[in-house]
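>>> Below: sequence and its predicted model.
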Amino acid sequence: MPLYEYHCPSCQHHFEEIVSSHAKADQVPCPKCGHEKPDRPLSAFAVGSSSGALRTVGGPACNGCACGNSASNGGNCPN
């Protein structure tokens, strides 16, 4: 099940929610104020390898693109 990040435009609350594959990720209400349509900001994700190492893709240095050069590994985005 994926973990999604949300931001409520009504109360400014930031929260994360694990959403099952049967549920719709855009239908999660804010747990603080109940707002029906919180925003889902673009976030980084981790990629695993057979060695067990994780790296973050989509960090601030590459502005969310798939180049693999994230701020956590000191890379610069070629795009």
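It's in.
>>> what domains does the record give for the chain?
Domain ranges of the chain: 1-41, 42-79, per automatic domain parsing.
>>> These: lowest mean pLDDT?
Per-stretch mean pLDDT for the domains of the chain is lowest at domain 42-79 (a mean of 56).
>>> the strands in the protein, which residues?
Secondary structure of the chain (DSSP state E): strands at 3-7, 14-18, 45-48, 54-57.
>>> correct me, but residue 39 touches residue 9?
Yes - using C-beta atoms under 8 Å, residue 39 makes contact with residue 9 at a distance of 6.0 Å. No exception for glycine: its C-beta is placed from N, CA and C like everyone else's.
>>> what's the nearest residue to residue 39 if we skip its chain neighbours?
Spatial nearest neighbour of residue 39, chain neighbours left out: residue 7 (4.7 Å); criterion: C-beta to C-beta, 6 or more residues apart in numbering.
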